[in-house]
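In: What would the 3D arrangement of this be:
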Amino acid sequence: MLHITLIGDSRAKATIPRGQLAGILQIDFEPLEQALRSDPGASTVFDIDLANETPLVNLKEWLGRKPANAKAIFLIDMTSHLQRTRAYALGATDILPRPINGRELLTKLWSDVASLSADPNNAAIRKSPAVSAAVDTLQSIFSSACLGEPLNSPSIKSAGDAVVGQIETQGLIAWIDTVRTHHSMTYQHCLLVTGLAVAFGQQLGVSRSDRQRLSFAGMLHDIGKARIPLAILEKPSRLDDDEMAVMKRHPQFGFDALGTVPGLPSEMLDMVVHHHEYLDGSGYPHGLRASDISDLVRMITIADIFGALIERRSYKSPLSGSAAYQILLDMGPKLDKDLVRAFQPVADLGLHQ
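Out: The predicted model follows:
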């Protein structure tokens, strides 16, 4: 759940439609004078009298200390040029009209997430219909998670069918070489896991419908990352302990985002919330053990770990397939040893730096 601070006077408490945003936003109200005694947060909404200059004297300096990529959204009367100009002069990153619409607020708060998918100059992705379809579907999935909207399941299934077809005809290496060119680490990872899951199913000889199911799971597994601050999600260096603690909340965020989606198979909810669980009980968020972890979760967990090891990041080179596979072996009782053994041909497909 995203935390925001609403700064203003007593009238502001009724400005944001809390019922509309239940389960998505936690809203804490602070009077302006009280808020200025502490440091700015990551997401702040201001409902203040912009015509009264006296209480605004210290606000510009205060907003100058906000964290990088922090949001400072001012509510204004859209017909007032003065309010618009003064809001941006104070340091607004965006403005919204009164009375506020919950969906519009979420769109502003999560606008950076949309930038993850945009890669208009990437010729390799544009030339691959399956990768392009998967990228578009990931954007739709992340948008649904941000805005609390239902998933477009037919679109996800259609993209999944395209992924299965490309892996069948062109192989896993072509898929990996293409998706590694995506600028977003988050999208690159989701696309890698999707391709690996499909190739894993193909190696196991499962039906095409089951490979489509694995593709669906791959694209859906990290939906909770849509609710992680972008500064953490796309950080170009290793996460510190506090940032990692936030990142580890993404399985629960994903479950929260999907909990009310009608018609979603329960196995997909299980996979989203439990793909970081290990058979020895050392995983998160629930510390499940072997008997509680389904085969789908076990497969996606293997693909997820392997995908993270072979993806390109600014602070590390990707591991070779053999080196990444050795790490899976070294994890021993944490993973399903039979499935890890079955995954070896996928890892041995010649993956290289």
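In: going forward, measure contacts between C-alpha atoms and count neighbours the same way
Out: Noted.
In: for stretch 51-58, the distance to its chain's centre please.
Out: In terms of CA atoms, centre = their mean, to the nearest Å, the centre of stretch 51-58 is set 38 Å apart from its chain centre.
In: Dump that stretch to PDB, keeping only the CA atoms.
Out: Taking Å, rounded to 0.1, in the frame of the first residue of the first chain, the C-alpha atoms of stretch 51-58 are listed here in PDB:
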ATOM      1  CA  ALA A  51      -3.500  33.000  -2.400                       C
ATOM      2  CA  ASN A  52      -2.200  33.500   1.200                       C
ATOM      3  CA  GLU A  53       1.500  34.100   0.900                       C
ATOM      4  CA  THR A  54       2.300  34.200   4.700                       C
ATOM      5  CA  PRO A  55       2.300  30.400   5.400                       C
ATOM      6  CA  LEU A  56       4.100  29.600   2.100                       C
ATOM      7  CA  VAL A  57       7.300  31.500   3.000                       C
ATOM      8  CA  ASN A  58       9.200  28.300   4.100                       C
END
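In: how close does the residue nearest to residue 284 when sequence neighbours are not counted get to residue 37?
Out: Residue nearest to residue 284 in three dimensions, not counting chain neighbours: residue 277, with 5.2 Å by CA to CA, 6 or more residues apart in numbering. Taking CA to CA, to the nearest Å as the measure, residue 277 falls 41 Å from residue 37.
In: do the same with residue 258
Out: According to CA to CA, residue 258 and residue 37 sit 38 Å apart.
In: More neighbours: the two, which one.
Out: residue 258 (24 against 9; other CA atoms under 10 Å).
In: residues touching that one, list them.
Out: 145, 150, 269 (CA atoms under 8 Å, 6 or more residues apart in numbering).
In: And it, what's its pLDDT?
Out: Looking at residue 258, its pLDDT stands at 86.
In: avg pLDDT for stretch 178-198?
Out: Per-residue scores along stretch 178-198 average to 93.
In: can you pull the alpha-carbon coordinates of that stretch into PDB?
Out: The C-alpha trace of stretch 178-198 is given here as PDB (Å, rounded to 0.1, in the frame of the first residue of the first chain):
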ATOM      1  CA  THR A 178      16.000  -9.400 -27.500                       C
ATOM      2  CA  VAL A 179      14.600  -8.700 -24.100                       C
ATOM      3  CA  ARG A 180      18.000  -8.000 -22.700                       C
ATOM      4  CA  THR A 181      18.000  -4.800 -24.800                       C
ATOM      5  CA  HIS A 182      15.000  -3.400 -22.900                       C
ATOM      6  CA  HIS A 183      16.000  -0.300 -20.900                       C
ATOM      7  CA  SER A 184      14.100  -1.100 -17.800                       C
ATOM      8  CA  MET A 185      15.600  -3.700 -15.400                       C
ATOM      9  CA  THR A 186      12.000  -4.500 -14.200                       C
ATOM     10  CA  TYR A 187      10.600  -5.200 -17.600                       C
ATOM     11  CA  GLN A 188      13.800  -7.100 -18.700                       C
ATOM     12  CA  HIS A 189      13.400  -9.400 -15.700                       C
ATOM     13  CA  CYS A 190       9.700 -10.000 -16.200                       C
ATOM     14  CA  LEU A 191      10.300 -10.800 -19.900                       C
ATOM     15  CA  LEU A 192      13.200 -13.100 -19.100                       C
ATOM     16  CA  VAL A 193      11.200 -15.000 -16.500                       C
ATOM     17  CA  THR A 194       8.300 -15.400 -18.900                       C
ATOM     18  CA  GLY A 195      10.600 -16.800 -21.700                       C
ATOM     19  CA  LEU A 196      12.400 -19.100 -19.200                       C
ATOM     20  CA  ALA A 197       9.100 -20.400 -17.800                       C
ATOM     21  CA  VAL A 198       7.800 -21.200 -21.300                       C
END
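In: Is it correct that residue 33 falls within a helix?
Out: Yes: counting by DSSP: H, G, I helix; E, B strand; the rest coil, residue 33 falls inside a helix.
In: what's the neighbour count on it?
Out: Residues contacting residue 33 under the criterion other CA under 10 Å number 15.
In: swap in the one 10 residues further on?
Out: One way to gauge burial is a neighbour count; for residue 43, by other CA under 10 Å, it gives 19.
In: now it: how far from residue 254?
Out: 20 Å.
In: Which positions in the longest helix along the chain come out as buried?
Out: In the chain, with assignment by DSSP state H, the single longest helix is helix 153-179. By neighbour count with 16 or more other CA atoms under 10 Å, helix 153-179 contains the buried residues 155-167, 172-173, 175-176, 178-179.
In: angle of whichever helix or strand comes after that helix against helix 153-179?
Out: Sequence-wise, the next helix or strand downstream of helix 153-179 (DSSP states H and E) is helix 185-204. Per axes from the mean of the first three to the mean of the last three CA atoms, to 10 degrees, the angle that helix 185-204 makes with helix 153-179 is 100 degrees.
In: who does helix 185-204 touch, helix- and strand-wise?
Out: When contacts are defined as 3 or more CA pairs under 8 Å, 6 or more residues apart in numbering; DSSP states H and E, helix 185-204 packs onto helix 129-147, helix 153-179, helix 208-220, helix 295-310, helix 337-347.
In: want to try a markdown table for those helices, with distance to residue 284 as columns?
Out: Formatted as a markdown table, those follow (distance: least, CA to CA, whole Å):
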| stretch | distance to residue 284 |
| --- | --- |
| helix 129-147 | 21 |
| helix 153-179 | 27 |
| helix 208-220 | 18 |
| helix 295-310 | 12 |
| helix 337-347 | 20 |
